[in-house]
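K.L.:
All I have is the shape, not the residue letters:
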């Protein structure tokens, strides 16, 4: 008779079950066959597991086992009660909408970084596609559009939203959300134009990461405005710039246009965990990136209380662009 696959699968299981059972039967048989003064090697072990003469198991009688189990039950109940009290205290003290540590006391400090879309993968920051080949950039354009969908006008309706573009600072309710008008992103970077990818002029969506309570500040006077943004700086807005990380990258990157050109208005801040909060957005469109060349790009956000660092990308973001 030929053994089937199921037979081979059952053999290890049968061996695993039958061997311990056979050993146990052998020990019991030997015990009942031997007298109490037997010198068989397993006799002391068997007596330790269960000694019927003195009524002990593993060296303890019933009363001792009862005390031991009772102690651990009481200990477990007390420990669970202590943890429950601590957890209840934390729940009462910590506000779920308000972080205990803010600004420089928090791990992320008071310096938001920049985020961008599309994010091709968590493992890489390279945006690579073939000009005129939709299958090579569809993932990118779909990612951008999926993010923009939450900014549609009908999704920013309700009592919790307000139009802040014409409000004075003193009239703005900071506990409400300033409505973001996606029309300010211009007509060039739109889904109908494949966000510029079809023409080899890709649009990258930029935004400041959310940091609770952080508010951007203006540069105090004209001389304090960094030279890098003096030609494009607009008061009461977070200016955004993009440059090549190296001189060769700067040359290969070409012209960059921003929509809206004034950056991110101050009135969208601070973020206070408002229901339905929308981060302001800006598109950076790379007009003439050199084809077939890997370009390393460093985009930065500018305010007097934002600092930049290449080490931890503070106040900025790095990504790579390759147009084939």
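P.N.:
Thanks, I have the structure now. Keep in mind it's a predicted model, so treat the numbers as computed, not measured.
K.L.:
now residue 317, what's its secondary structure?
P.N.:
Counting by DSSP: H, G, I helix; E, B strand; the rest coil, the backbone at residue 317 sits in strand.
K.L.:
That one contacts residue 299, doesn't it?
P.N.:
Yes: with contact defined as Cβ atoms under 8 Å, residue 317 and residue 299 form a contacting pair (5.3 Å). Bear in mind the C-beta positions are built from the backbone N, C-alpha and C, glycine included.
K.L.:
what do those two both touch?
P.N.:
114, 116, 206 (Cβ atoms under 8 Å, 6 or more residues apart in numbering).
K.L.:
Surely residue 281 touches residue 181?
P.N.:
No: with contact defined as Cβ under 8 Å, residue 281 does not reach residue 181; the gap is 10.3 Å.
K.L.:
Measure how far stretch 130-141 is from the centre of its chain, please.
P.N.:
In terms of Cα atoms, centre = their mean, to the nearest Å, the centre of stretch 130-141 is set 26 Å apart from its chain centre.
K.L.:
so for it, what's the average pLDDT?
P.N.:
What stretch 130-141 shows for mean pLDDT is 95.
K.L.:
Report the contact partners of the nearest residue to residue 281 once chain neighbours are set aside.
P.N.:
Of all residues not flanking residue 281 in the chain, residue 207 sits nearest, at 5.3 Å (Cβ to Cβ, 6 or more residues apart in numbering). Counting by Cβ under 8 Å, 6+ apart, residue 207 makes contact with 114, 115, 116, 117, 264, 279, 280, 281, 282.
K.L.:
and residue 97, what pLDDT?
P.N.:
73.
K.L.:
how about stretch 66-75: buried residues?
P.N.:
Judged by neighbour count using 16 or more other Cβ atoms under 10 Å, stretch 66-75 contains no buried positions.
K.L.:
average pLDDT across it?
P.N.:
89.
K.L.:
ranges for the strands of the stretch 201-324 of the chain?
P.N.:
203-208, 237-244, 256-259, 264-265, 282-286, 295-302, 316-323 (DSSP state E, counting those that start in this stretch).
K.L.:
How far off centre is the third one?
P.N.:
If you compare the mean C-alpha spot of strand 256-259 with that of the full chain, they lie 28 Å apart, counting by Cα atoms, centre = their mean.
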